[in-house]
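S.K.: sequence and computational prediction follow.
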Amino acid sequence: MPKAYSQDLRERVVRAVETGVSCHEAAATFEVSPSSAIKWVARWRQTGSVAAKPMGGKRSPLDSHKEWLLALTAAEPDLTLQEIRSRLRQRGIVVSASSVWRFYDRYDISFKKKPARRRARPRRRQPGAHGVETRAAAA
């Protein structure tokens with residue numbers, strides 16, 4: 001997400017409009033979009049401020065359960081995301097596995113594969129099967 005325009009630029013655009021220049025002309029002068037200039041002036045007239053609104057702000061539903069979740073993984077570090085999700089569901093909190101992952105990622109807690117949970121290994125050649133090298137050497 002791009003950064004907000006500076007407070008100084010916003011104030012200069014509003015000052016220009018207050019001196020009689022149209023929003024479109026002020027926008028062209030300061031090289032911002034006309035819609036930005038119109039919004040800044042409207043905000044100035046409504047609130048008396050041209051400060052940028054806070055950016056972001058999405059809150060996770062899991063943030064209110066932070067202590068419980070961190071204590072849970074401290075007590076049982078081998079839990080999987082799905083197991084944590086089922087524990088949350090038992091408490092009446094329905095979230096996706098990706099929400100659980102993002103919550104723990106914010107606190108630098110990762111869920112690495114453990115030796116007990118190794119992937120299935122690729123199939124090997126059956127005993128007695130001859131490789132390409134054996135056939136080439138025999139020919």
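M.R.: On my side now, so go ahead.

S.K.: any buried residues in the longest helix along the chain, and which?
M.R.: Using DSSP state H to define each element, the chain has its longest helix at helix 34-47. Using 16 or more other C-beta atoms under 10 Å as the test for burial, helix 34-47 gives Ser36, Ala37, Ile38, Trp40, Val41, Arg43, Trp44. (Glycine included, C-beta is placed from N, CA and C.)

S.K.: domains for the chain, by residue range?
M.R.: What automatic domain parsing lists as the domains of the chain is 7-47, 63-112.

S.K.: please identify the deepest-packed of these.
M.R.: Of those, the one with the most neighbours on average (mean count of other C-beta atoms under 10 Å) is domain 7-47, at a mean of 15.

S.K.: quick one on the thing from earlier: let me see the mean pLDDT of the longest helix of the chain.
M.R.: Mean per-residue pLDDT for helix 34-47: 94.

S.K.: who touches it?
M.R.: 5, 10, 13-14, 17, 23-24, 26-28, 30, 49-50 (C-beta atoms under 8 Å, 6 or more residues apart in numbering).

S.K.: C-alpha coordinates for that helix, CSV please?
M.R.: In CSV, the C-alpha atoms belonging to helix 34-47 read as follows (Å, rounded to 0.1, in the frame of the first residue of the first chain):
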residue,chain,number,x,y,z
PRO,A,34,-8.3,16.1,-8.5
SER,A,35,-10.2,13.6,-6.4
SER,A,36,-7.5,13.9,-3.7
ALA,A,37,-7.7,17.7,-3.7
ILE,A,38,-11.5,17.5,-3.5
LYS,A,39,-11.4,15.1,-0.6
TRP,A,40,-8.8,17.1,1.3
VAL,A,41,-10.8,20.3,1.0
ALA,A,42,-14.0,18.6,2.0
ARG,A,43,-12.3,17.1,5.0
TRP,A,44,-10.8,20.5,5.9
ARG,A,45,-14.3,22.1,5.8
GLN,A,46,-15.9,19.3,7.9
THR,A,47,-13.2,18.7,10.5
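
S.K.: the helix or strand following it packs against which elements?
M.R.: Counting by DSSP states H and E, the next helix or strand C-terminal to helix 34-47 is helix 66-75. Packing contacts for helix 66-75, counted by 3 or more C-beta pairs under 8 Å, 6 or more residues apart in numbering; DSSP states H and E, involve helix 81-90, helix 97-106.
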